[in-house]
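[1] Sequence first, then the predicted structure:
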Amino acid sequence: MKKATAKKSATTGAKGESPARLIDARIKKLGDWRGETLARMRALIKAADPDVVEEVKWRKPSNAMLGVPVWEHDGIICTGETYKDYVKLTFAKGASLDDPSSLFNASLEGNMRRAIDIREGDKINEKAFKTLIRAAAALNTSARSR
């Protein structure tokens, strides 16, 4: 029972807000280029994988209880965090993904994760990004079917 309660509190707010509404609220609260960037990347993720599930995890005082937007398909595809100078999209299994367009520009030293840091004014290769999202979902699906 405790696990189910913990899962619910990680993905819904105190008033039962849906993850989509929590992410909408985060984007609106940012009110600047970071919110616009997060919204644009979110739209690309959803376009690349219509079966993606949005979650909000890690709601705690250190992130003003807003949590971290997470996109999943048979496991985490990526998370979306915002900082003062950039938006960070961290791919949980990024080290296992081909990245011929070199979108990954952060967390390159690890064995699992890879990230894309997007700064104000940066242009993202949308086609390559959507390919990366589909590859991450396929990797999760293939790992799950084993």
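    Structure's in. What do you need? Since we're looking at a predicted model, the values are computed, not measured. Numbering: from 1, shown residues only.
[2] Now do stretch 30-47: distance to the chain's middle.
    Relative to its chain's centre, stretch 30-47 lies at 10 Å (CA atoms, centre = their mean, to the nearest Å).
[3] List the contacts of that stretch.
    Stretch 30-47 is contacted from outside by 23, 26-29, 52, 54, 69, 71, 77-78, 80, 82, 86-87, 89, 118, 120-121, 124, 126, 129-130, 133, using CB atoms under 8 Å, 6 or more residues apart in numbering. To be clear about C-beta, it is placed using only N, CA and C from the backbone, and glycine gets the same treatment.
[4] Next, the buried residues of stretch 34-53.
    Within stretch 34-53, the residues that count as buried by 16 or more other CB atoms under 10 Å are 34-35, 37-42, 44-45, 48-49, 52.
[5] closest to residue 59 among those?
    Closest to residue 59 out of these is residue 38 (16.7 Å), distances taken as CB to CB.
[6] What segments of the protein are helices?
    2-11, 19-30, 33-48, 126-145 (DSSP state H).
[7] would JSON lines of these with distance to residue 95 be doable?
    Formatted as JSON lines, these follow (distance: least, CB to CB, whole Å):
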{"stretch": "helix 2-11", "distance to residue 95": "25"}
{"stretch": "helix 19-30", "distance to residue 95": "26"}
{"stretch": "helix 33-48", "distance to residue 95": "19"}
{"stretch": "helix 126-145", "distance to residue 95": "11"}
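[8] So among the contacts of stretch 30-47, which ones count as buried?
    Buried among the contacts of stretch 30-47 (16+ other CB under 10 Å): 23, 26-27, 52, 54, 69, 71, 77-78, 80, 82, 86-87, 89, 118, 124, 129, 133.
[9] Thanks a lot, see you next time.
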